[in-house]
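Trainee: the sequence and its predicted three-dimensional model are supplied below.
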Amino acid sequence: MKKIVTFGEIMLRLSPPGFKRFSQTYQFDVVYGGGESNVAVSLANFGLDSSFVSRIPNNDIGECAIMELRKRKVNTNHILRAGERLGIYFLETGAVSRGSKVIYDRANSGMATIEAGMIDWDAIFKDADWFHWTGITPALSQGAADACLEAIEAANRNGVTVSTDLNYRKKLWKYGKAPGDIMPALVSGCDVILGNEEDAEKHFGLHPQGVDVTHGDSVDGKAYLSVLKQLQAMFPRAKKVITTLRGSISASHNNWTGVLYDGETLFEAPSYEITHIVDRVGGGDSFMAGLIYGLLTFDDDQQALNFAVAASCLKHTIKGDANLVSVEEVEKLMGGDGSGRVSR
């Protein structure tokens, strides 16, 4: 069985029930999640050997986060139990023309205070096949960026495939470094790069001409080919460069697809119209997990991309950060059955 390692922070997510605003609520729903842990959960749910590496405080709240991962069959043996606190994010879920809102509370969390040298990466990668990280981790602190670079270099030494989701988060880059100061060295060690139009622009100054994500509801994959080619030229180690494409009609109604460029061919996935979004948080993470599964399972980039888009389409129907669907459910949607009929 293929072994995948992900590295990042799992957080406590606190949300007002339903579609209430922060100012309306007297209670919060509790969910545990984060970009990298969401990928780990999805891959474990697909039946792969999924390990999550992090630094989580040795207290009851940290234990609850780890229990959530174990419940989803994620290997937590490499998690360091240290640090003052678990990171938190507050989510106000939007609807129709009102977008969702996120407030972070991650200062001095276990992952924000991690440093290089704390993790024995060579031991972790001894029997690993794939390593995944995101642009969220190096945005937390210089120590987190250093630990991420250390992990990538160890994965490269050990012949482990490395993927990244660029995941630009403007609210997190607060420690005096810009993404352009940190990200190029990290992404240079990656074999697979995923990013949307904002990620490419904010990290590396790349932007497809004539595309504005705040206007219009259509998605044209060919419009992003120039960006994918530029990313691959900037980071020649990358064998595959991918972007997700979201056409936002409203907060509750999106079009969703993706494209993959392998240096020669642009692969385009079918587009799905998601008309009643339950929870779009984790949509990109579910795509990444589907892509990793697809690339490890299918000898066909088109099929891998199609699996990723279908998996992430289904995630939009599930409350919480993680994508709790099976391979069979994804393949059913890939086959054209999106009826949602009761399975008896």
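Mentor: Arrived safely.
Trainee: for the nearest residue to K2 once chain neighbours are set aside, give me its contacts.
Mentor: Nearest residue to K2, sequence neighbours excluded (CB to CB, 6 or more residues apart in numbering): D129, at 4.6 Å. Heads up, the C-betas are built off the backbone N, CA and C, glycines and all. D129 is in contact with 2-4, 160-161, 296, counting by CB atoms under 8 Å, 6 or more residues apart in numbering.
Trainee: remind me, longest strand of this structure?
Mentor: Of all the segments assigned as strand in the chain under DSSP state E, the longest by residue count is strand 240-250.
Trainee: any idea of the mean pLDDT in stretch 73-81?
Mentor: Confidence for stretch 73-81, expressed as mean pLDDT, is 97.
Trainee: now the end-to-end length of it.
Mentor: End-to-end distance for stretch 73-81: 19 Å, by CA to CA, to the nearest Å.
Trainee: and it, what's buried?
Mentor: Across stretch 73-81, burial judged by 16 or more other CB atoms under 10 Å covers 74-76, 78-80.
Trainee: out of those residues, who's nearest S226?
Mentor: V74 (37.6 Å; CB to CB).
Trainee: surely that closest one touches S51?
Mentor: Yes - between V74 and S51 a contact is recorded at 7.1 Å, counting by CB atoms under 8 Å.
Trainee: between those two, which contacts overlap?
Mentor: Counting by CB under 8 Å, 6+ apart, the residues touching both V74 and S51 are A40.
Trainee: related to what we said a few turns ago, and the buried residues of stretch 73-81, which two are the farthest apart?
Mentor: Pairwise over those, using CB to CB, the maximum falls at V74 and L80, 15.5 Å.
Trainee: which residues touch the spatially closest residue to N58 that is not a sequence neighbour?
Mentor: Nearest residue to N58, sequence neighbours excluded (CB to CB, 6+ apart): R81, at 4.0 Å. By CB under 8 Å, 6+ apart, R81 lies in contact with 56-58, 62.
Trainee: tell me what R81 is bridged to.
Mentor: Assessed by DSSP bridges, R81 has beta-bridge partners I56.
Trainee: and it, how close does it get to A304?
Mentor: Look at R81 and A304: by CB to CB, to the nearest Å, they are 36 Å apart.
Trainee: gap between the nearest residue to I10 once chain neighbours are set aside and K3?
Mentor: Leaving aside its sequence neighbours, I10 sits nearest to S37 (CB to CB, 6+ apart; 4.0 Å). Distance from S37 to K3, counting by CB to CB: 17 Å.
Trainee: between these two, which is the more surrounded one?
Mentor: Using other CB atoms under 10 Å as the criterion, S37 and K3 rank with S37 on top: 28 against 19.
Trainee: for the more buried one, what are phi and psi?
Mentor: Taking degrees, to the nearest 10, you get phi -70, psi -30 for the backbone angles of S37.
Trainee: how about T134?
Mentor: Torsion angles, degrees, to the nearest 10, at T134: phi -130, psi 170.
Trainee: surely it meets G8?
Mentor: Yes - the pair T134 / G8 is scored as a contact, 6.1 Å apart, by CB under 8 Å.
Trainee: quick one: which of those two has more around it?
Mentor: Using other CB under 10 Å, the more surrounded residue of T134 and G8 is T134, with 29 against 25.
Trainee: show the pLDDT at the more buried one.
Mentor: At T134, pLDDT is 97.
Trainee: where in the protein is pLDDT low?
Mentor: 209-220, 338-344 (pLDDT under 70).
Trainee: show me where the stretch 151-300 of the chain has its strands.
Mentor: Listed in chain order, the strands of the stretch 151-300 of the chain (DSSP state E, counting those that start in this stretch) span residues 161-165, 192-194, 240-250, 253-261, 266-268, 272-274.
Trainee: nearest to L14, of those?
Mentor: Closest of the strands of the stretch 151-300 of the chain to L14 is strand 161-165, at 23.5 Å (criterion: CB to CB).
Trainee: that closest one pairs with which strands, parallel or anti?
Mentor: According to DSSP bridges, strand 161-165 forms sheet pairs with strand 130-134 (parallel), strand 192-194 (parallel).
Trainee: contacts for the first one next, please.
Mentor: Meaning strand 130-134. With CB under 8 Å, 6+ apart as the contact definition, strand 130-134 has outside contacts at 2-8, 35-36, 39, 125, 148, 151-152, 155, 160-167, 186, 288, 292, 296.
Trainee: got it, and the shortest one?
Mentor: The list of residues contacting strand 192-194 from outside it, by CB under 8 Å, 6+ apart, reads 161-166, 187, 231, 235, 238-244, 284, 287-288, 291, 295.
Trainee: how about the strands in the stretch 1-150 of the chain?
Mentor: Ranges of strands in the stretch 1-150 of the chain, per DSSP E, counting those that start in this stretch, are 3-7, 11-15, 29-33, 49-53, 55-56, 80-81, 88-92, 101-105, 130-134.
Trainee: give me whichever of those is most buried.
Mentor: Among the strands of the stretch 1-150 of the chain, strand 130-134 has the highest mean neighbour count (mean count of other CB atoms under 10 Å), at a mean of 28.
Trainee: surely T113 meets D146?
Mentor: No - using CB under 8 Å, T113 makes no contact with D146, being 12.0 Å away.
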